[in-house]
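In: Predicted coordinates and the sequence they were generated for:
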Amino acid sequence: MVTPAVLPVVAAPRSDSPAWSSWLQRLDRTADRGLIWAAVAGGLVASGRGPLRRAGVRGILAAAATSTVAHALAKPLLPRSRPWSRRFPSAHAASSTAFVTGAAMESPVLGAALAPLAIGVSSARVSLGERTFADVAAGAVLGAGIATLTRRWWPVVRHAPARARPAGGAPALGDGAGLVIVANRSAGTPGPLETLGQIVAPVVGVGGDEDEEDPVAEVHAEIHAVLPKAQVVIPTPGEDFVVEVEAALDRPMVDGSATRAIGVAGGDGSVAALAGLAQRRHVPLVVLPEGTLNHFARDVGIDDSPSALAAARDGDAVLVDVGLVDITPAEGEERTVAFVNTASLGGYPDMVKLREDWEEQWGKWPSAAMALVRVLAEATPLVVELDGRRQSLWLLFVGNGGYQPRGMAPLSRPRLDARVLDVRYLRADVPFSRTRFMISVLAGTLARSRVYVANTRTRLSVRVVGPPVGLATDGEVQPDSERFVFRIAPKPVPVYRSREEIPRP
């Protein structure tokens, strides 16, 4: 077998053009220590756009890992002594290929746009006589391989709408008569609008300084443009807006018609509250993604408020499950809380909060990983009874529907009407469970780990053994309690979304 150390190599000829040589030298210097890719990654992260931000983060992590492997392992193990080259393979080519490959996983168009830059960096090494073609080719193979391996611990998630059955009985709202929408101003930045605690219908003349941006006024304008006869509830700060919407449902509409649908302009917490009301009152739901992150709206396939309003006008909807949890506090009456995404106990509420704080800057998966490390380092075990069986755990996650991937952190769900709960928890009764968990995450073997349990159920009963704890539902923390029963609502809720976004079940 011929080893790389004895392969015949020939240095590439140097360019005879001083200007071309000078340009190549500048390009080569910018690639030293990955400076050029750090700058590209910074620009992508600062762009704020999801795919571009994720591409920048994955690309720079892949490049950093590749550079470490190239310098710490490949070069010492595969030395090649010769006058024009220090060692094999080319770290410049390796890190450049790793960055572009990683970025292309998140955004193929971006990867294609960056490929010429990576080729230029690699070609400069050959043209300047610093590396041979074999050095560069080996570096490219190394970089592409390591970038591809990042999928084992950071899955590539395609944010396509989840599947669901069409809701054939959802009414076409036409001009909006019979629709009540709550515009939850607490889901965004407050503006100068002072018409609080009232119903505005039709949606005109909402007031405010025209020179100042007001997110509530903007929502009013969007609603009025598509559904001019819709009634909008602007809740009073500090009050339960669900009560205000229920009161609106119980009194006649302005035009004397009955309420045919309810809607919400806000984030996941507001959507969950109104989804529970829609389930109880057997009416369809309009979701306007006006919150901070809008995970549920993205899963449903609602990209913006105008498309959701157009779907309501035309009667295009799908059936979506709603999760319910019956909460029994130490003192007081049992109450039922709805959730459309997830509910969690233990350190999970803190992890979710940290992840959401960092997600806009770093992307969902890196933020989740950093938040998980921090929470696990500071957490204390939670002793509970799961369906009567005592268990010590660090985190408990309950998802509305089966999330993917199974052997990693839950990132997406393929269906909105799976009729199951996704239950996952990290055991605390196994020696070195947190360390073993992190090793399994990095190795991509979490699905086979003893410390991580993931399954699906139709019902889950949880009793806390010890002081009451808080439950997080869709980012909202509920009062401390000691008993929780999770289940799926008996009937799904029709949620309006554009027909073009409805994939086949």
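Out: Arrived safely. Numbering: from 1, shown residues only.
In: how about the strands in the stretch 201-350 of the chain?
Out: In the stretch 201-350 of the chain, the strands defined using DSSP state E, counting those that start in this stretch lie at 231-234, 261-266, 285-289, 317-320, 323-328, 335-339, 342-346.
In: could I have the fifth one exported to CSV, CA atoms only?
Out: The C-alpha coordinates for strand 323-328 follow below in CSV (Å, rounded to 0.1, in the frame of the first residue of the first chain):
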residue,chain,number,x,y,z
GLY,A,323,-52.6,19.2,24.2
LEU,A,324,-54.3,19.6,27.6
VAL,A,325,-52.9,19.3,31.1
ASP,A,326,-55.1,19.1,34.2
ILE,A,327,-53.2,20.9,37.0
THR,A,328,-53.9,20.2,40.6
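In: buried sites along it?
Out: Buried positions in strand 323-328, judged by neighbour count with 16 or more other C-beta atoms under 10 Å: 323-325, 327. In short, each C-beta sits where N, CA and C put it, glycine included.
In: relative orientation of the longest strand anywhere in the chain and strand 323-328 in degrees?
Out: Ordering each strand of the chain by length in residues (DSSP state E) puts strand 389-400 first. For strand 389-400 against strand 323-328, the angle by axes from the mean of the first three to the mean of the last three C-alpha atoms, to 10 degrees is 140 degrees.
In: Tell me the buried residues in strand 389-400?
Out: So for strand 389-400, counting by 16+ other C-beta under 10 Å, buried means 391, 393-400.
In: Ranking helices and strands of the protein by mean pLDDT, which lands last?
Out: Least confident helix or strand, the chain: strand 198-200 with a mean of 42, by mean pLDDT, DSSP states H and E.
In: what lines up beside the longest strand of the chain in the sheet?
Out: Taking DSSP bridges as the criterion, strand 389-400 forms sheet pairs with strand 342-346 (antiparallel), strand 382-386 (antiparallel), strand 421-427 (antiparallel).
In: want to throw the strands of the stretch 201-350 of the chain into TSV with distance to residue 145 and mean pLDDT?
Out: Below are these laid out as TSV (distance: least, C-beta to C-beta, whole Å; pLDDT from 0 to 100):
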stretch	distance to residue 145	mean pLDDT
strand 231-234	55	83
strand 261-266	45	91
strand 285-289	38	94
strand 317-320	41	96
strand 323-328	41	96
strand 335-339	41	94
strand 342-346	34	87
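In: Just put the ones you listed in CSV and tack on distance to residue 156.
Out: Shown next, in CSV, are the strands of the stretch 201-350 of the chain (distance: least, C-beta to C-beta, whole Å):
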stretch, distance to residue 156
strand 231-234, 39
strand 261-266, 30
strand 285-289, 23
strand 317-320, 25
strand 323-328, 27
strand 335-339, 27
strand 342-346, 21
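In: re the thing from before, between the longest strand of the chain and strand 335-339, how many degrees?
Out: 50 degrees.
In: Distance from strand 389-400 to the middle of the chain?
Out: Distance of strand 389-400 from its chain centroid, counting by C-alpha atoms, centre = their mean, to the nearest Å, is 21 Å.
In: Might you list the low-confidence residue ranges for the stretch 51-200 of the chain?
Out: Applying pLDDT under 70 to the stretch 51-200 of the chain flags residues 72-88, 128-129, 157-159, 185-200.
In: Could you pull out the helices in it for me?
Out: 75-77, 91-106, 108-127, 133-149 (DSSP state H, counting those that start in this stretch).
In: Residue 268 is nearest to which of the ones you listed?
Out: Among the helices of the stretch 51-200 of the chain, helix 91-106 comes nearest to residue 268, with 23.3 Å by C-beta to C-beta.
In: and that closest one, what other elements does it pack with?
Out: Applying 3 or more C-beta pairs under 8 Å, 6 or more residues apart in numbering; DSSP states H and E, one finds that helix 91-106 contacts helix 18-31, helix 35-46, helix 50-69, helix 108-127, helix 133-149.
In: Determine the number of other residues adjacent to the nearest residue to residue 96 once chain neighbours are set aside.
Out: Using C-beta to C-beta, 6 or more residues apart in numbering and skipping residues adjacent in sequence, the residue nearest residue 96 is residue 118, 4.0 Å away. For residue 118, the count of nearby residues is 25 (other C-beta atoms under 10 Å).
In: Now for residue 118: which residues touch it?
Out: Going by C-beta atoms under 8 Å, 6 or more residues apart in numbering, residue 118 touches 96-97, 99-100.
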